[in-house]
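[1] For reference, the sequence and a predicted model appear below.
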Amino acid sequence: MVPRPSLGLRARLLFAFALLCVVTAAAVAGGIYVQARNAILQRAQDAAVHAVTSRLEALYPLPSAAPGLAELDKIAAAAIDQNSFAVAVYREMHSPLGPPLGPPGGRWRPGPPVLDLGVISPELRQVVAGGRTAWQRVVVQGAPILIIGTPLLIVEQDRTTRVSGIEVYTARSLLPEQRSIDELAASVWLTGGAALAFAVVLALLATRGVLRPVRELGWAARLLGEGELRTRIAVRGSDELADVARTFNNTAAELERHVKQLREMEADARRFVADVSHELRTPLAALTAVADVLDEEAARLPEPAGRAARLVSQETLNLTGLVNDLIEISRFDSGVAALALNEIDVAELVRATLRVRGWSESVHTELPPGVTARLDPRRVDVILANLVGNALRHGEPPVSVRLSADPHWIALEVRDHGPGLEEAVLPHVFDRFYKASAARARSEGSGLGLAIARENARLHRGDLTVTNAPDGGAMFTLRLPRRAHDPDGGPE
Amino acid sequence: MTERAVKLGGVSRVLLIEDDPAVREGLELALTRHGHRVRAVESGEQGLDRLRTDLPDVVVLDLMLPGMDGFEVCRRIRAAGEVPIIMVTARGDDMDVVAGLEAGADDYVVKPVQPRVLEARIRAVLRRIGRDQAELERYGDLTIDRAGLVVANRGEPVSLAPTELRLLLELSGTPGRVHSRQQLLESVWEHGYFGDSRLVDACVQRLRAKIEDDSAAPVYVQTVRGFGYRFGPV
């Protein structure tokens, strides 16, 4: 697999799902939380303000416009209920900042001094001094407290009111509300977390649902690429992925059909060549039988009949060679070519090939003794004869054959010292009927020699390759396994 | 059979069985030019008739025949006597070669046949087998008379085709020595180095069937895996 530059599809889908879930949960839960919190606090405030005001109203009419400490104490006591603590302020006087009321260990435990006047912000005092009831939420030692400031007003005869200068500050703990809000927040977090977990599970299921077909598709595409043209995918449902699967199947079917058609055409073409070659064989057999007679009699025939006879004889031989090569290569194509393996001394084989064709003097050899291999000597002879023949005809001397071996392979290098082959020609030298130059349109060979040589090498599960030697000249390398695969077990 | 070849010296009688008239005529022409007396027939049935009346020295048999096929003809010729048979096969039809050799053919040529190649094959199978005045050789139950060219197993004469006899004489000439297939092809068949080693294998099989008690566990002609064959040790 090629390493991906970014996150996988699964991770991306998961991330998208989780993000979506978090954003939605945060929006919904956050909105509800804020509203609920405000509503809770508002209600608590309203109730507290209302309670304080109504208790203070019970004090009217005020006994005096300039109260003493005892009176302030009384006023403060009137403003208190079990959940709150109050202090009444008149100018520089104020009622005692007593210890917290309420049962110790109870719900209301403001730390002393609760109404240290510093806790009451100057802004609040200013507003209250202006004659209006006001409140403020403060946090004292980690506990939320609502401070309500109420001015006591004096009602004149003309029903107008003026500020008496007495201010009552009531502190009420918001701990119960805070607790409710905390519970609310906790349940919001819990619900959000559960939703996120649920969303992740859903996302996993969804990605698996999406990714499994994608993985199957990838797998099938790879198989198809490897030439397994019958690969198809099961189409499930009717979604986009099913469409993709269907398209893939149709494409694969088309591809298979085209390839089959091409193969059939190729097989037809090859069969045609094989059939033609076989049909040519019988008339050629008759021609070949008398070609020698014609050749031998040519000297006694008057010209131009003598030359004609020699030409017919020579061309009959060439035609025979061509037809034999065609038959040989069509046997490779149809897969009926078989190896006749034999334990061979390779150096001896090379020497025999050169000796039989009278090349022993013109070819330089490097043949270490004692290299044996299990080969089809006739086929190796065909390869070598072709390579050496080509080198002698088309290359420059010296032509050399070099044998090397390792425990599993033998290699035979055939090279000449001519200009070598053009780079453009190198990939094509083993093509059928490929001619390196138009000028050499018809050489001694059939045009199939190197193609047959390579087929022979591959039949041994070896190979035949060509390069240009660094110091000039074409170099063919024949590599053959020392133990060629032998399906029949061999004659021994 | 060998007597016949010896008697006739250079000139031999060739029975050519080939269905295609042009090929038949061409080969007849070429073989006649090489000094043979050729009788050319177009079917296996006619060939078997001529075998009895003409007593040929060698049969050249095309395997692709109408009517009775070449393998059957080959088997019947072999059953009738030890006349050497050279079969003509289509190029590289390996199954044909193997089946023909099993049917008793001594050698084969590939179509289209070059007359000089066929001539060399005919000369090789008709080659006079050298007689020497050696003692009768005994190997276990097998006796080889190099003077009379007679092979007997437990006193019973064994009828060997010329190639089989030549192979046995070649191997038993140096008991215990390993002969590679290439060496045997050159010495017995007069093929070059790149002859078809299946000729040797097929001939060894036929020879074993005639002289060994158990072809699967040969005593006289033994296989040396990876190298070739040797005679004995008995």
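    Noted; the coordinates are in hand.

[2] Which residues of the stretch 301-450 of chain A lie near chain B?
    Contact residues, the stretch 301-450 of chain A versus chain B (C-beta under 8 Å from any C-beta of the partner chain): A:320, A:323-324, A:327-328, A:331, A:336-338, A:340, A:342-343, A:348-349, A:352-353, A:355-356, A:374, A:377-378, A:381. Using the backbone N, CA and C atoms, a C-beta is placed for each residue, glycine as well.

[3] Out of those, which end up buried?
    A:320, A:323-324, A:327-328, A:331, A:337, A:340, A:342-343, A:348-349, A:352-353, A:374, A:377-378, A:381 (16 or more other C-beta atoms under 10 Å in any protein chain shown).

[4] Okay, buried residues for whichever strand or helix holds B:Thr223 please.
    Using DSSP states H and E, B:Thr223 sits in strand B:221-224. Neighbour counts over strand B:221-224 (16+ other C-beta under 10 Å) mark B:221-223 as buried.

[5] filter these down to the ones near chain A?
    For chain A, the contacts drawn from the buried residues of strand B:221-224 by C-beta under 8 Å from any C-beta are B:Thr223.

[6] between the buried residues of strand B:221-224, which is nearest chain A?
    Distance to chain A across these (C-beta to the nearest C-beta) is lowest for B:Thr223, with 5.8 Å.

[7] give me the beta-bridge partners of that closest one?
    Listed beta-bridge partners, B:Thr223: B:Tyr229 (assigned using DSSP bridges).

[8] Could you report the separation of it from B:Arg208?
    Using C-beta to C-beta, to the nearest Å, one gets 10 Å for the distance from B:Thr223 to B:Arg208.

[9] same thing with A:Val371?
    32 Å.

[10] More neighbours: these two, which one.
    B:Arg208 (21 against 18; other C-beta atoms under 10 Å in any protein chain shown).

[11] May I have the secondary structure class of the more buried one?
    helix (DSSP: H, G, I helix; E, B strand; the rest coil).

[12] Hmm, B:Pro218 and it touching each other?
    Yes: counting by C-beta atoms under 8 Å, B:Pro218 is a contact partner of B:Arg208 at 5.2 Å.

[13] which regions of the stretch 101-250 of chain A lie under the pLDDT threshold?
    Counting by pLDDT under 70, the stretch 101-250 of chain A contains low-confidence residues at A:101-117.

[14] how near is the nearest residue to A:Ile383 once chain neighbours are set aside to chain B?
    Excluding the flanking residues, the one nearest A:Ile383 by C-beta to C-beta, 6 or more residues apart in numbering or on different chains is A:Ala453, at 4.3 Å. As judged by C-beta to the nearest C-beta, to the nearest Å, A:Ala453 and chain B stand 15 Å apart.

[15] same thing with A:Gly227?
    29 Å.

[16] Domain map for chain B?
    Domain assignment for chain B, taken from automatic domain parsing, gives B:2-126, B:137-231.

[17] Adding mean pLDDT as columns, could you present those domains in TSV?
    Formatted as TSV, these follow (pLDDT from 0 to 100):
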stretch	mean pLDDT
domain B:2-126	84
domain B:137-231	86
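
[18] do you know which of the ones you listed lies nearest A:Ala27?
    Closest approach to A:Ala27 among the domains of chain B is made by domain B:2-126 (82.8 Å; C-beta to C-beta).

[19] Going by proximity to chain A, name the top residue of chain B.
    Nearest residue of chain B to chain A: B:Gly26, at 3.0 Å (C-beta to the nearest C-beta).

[20] ok so, going back, ok, the buried residues of strand B:221-224 vs A:Ala29, which is closest?
    Closest to A:Ala29 out of the buried residues of strand B:221-224 is B:Thr223 (91.2 Å), distances taken as C-beta to C-beta.

[21] So which residues on chain B come close to chain A?
    Residues of chain B lying close to chain A by C-beta under 8 Å from any C-beta are B:20, B:22-23, B:25-27, B:29-30, B:33, B:90-92, B:94, B:111-116, B:181-182, B:192-194, B:196-198, B:201, B:223, B:225-227.

[22] Please narrow these to those residing in strands.
    Among those, the members found in strands (DSSP state E) are B:Thr223.

[23] List only buried entries from the residues of chain B next to chain A.
    Applying 16+ other C-beta under 10 Å to the residues of chain B next to chain A, the neighbour count classes B:20, B:23, B:26-27, B:29-30, B:90-92, B:94, B:111-115, B:181-182, B:193-194, B:196-198, B:201, B:223 as buried.

[24] Backbone dihedrals for the residue sitting nearest the centre point of chain B, please?
    The residue lying closest to the centre of chain B (C-alpha atoms, centre = their mean) is B:Asp106, at 2.6 Å. Note on B:Asp106: its backbone torsions stand at phi -90, psi -30 [degrees, to the nearest 10].

[25] Apart from its chain neighbours, what residue comes closest to it?
    Residue nearest to B:Asp106 in three dimensions, not counting chain neighbours: B:Thr163, with 4.2 Å by C-beta to C-beta, 6+ apart.

[26] I'd assumed B:Val188 was in contact with that neighbour.
    Yes: look at B:Thr163 against B:Val188 with C-beta under 8 Å: they come within range, at 6.6 Å.

[27] more crowded one of those two?
    B:Val188 (28 against 25).

[28] Please list all residues in contact with that one.
    Applying C-beta atoms under 8 Å, 6 or more residues apart in numbering or on different chains, one finds that B:Val188 lies in contact with B:163, B:166-167, B:170, B:200, B:203.

[29] Run through the strands of chain B in chain order.
    Taking DSSP E as the criterion, chain B carries its strands at B:13-17, B:37-41, B:58-62, B:85-89, B:107-110, B:137-139, B:142-145, B:150-153, B:156-158, B:178-180, B:221-224, B:228-231.

[30] Alright, I will stop here.
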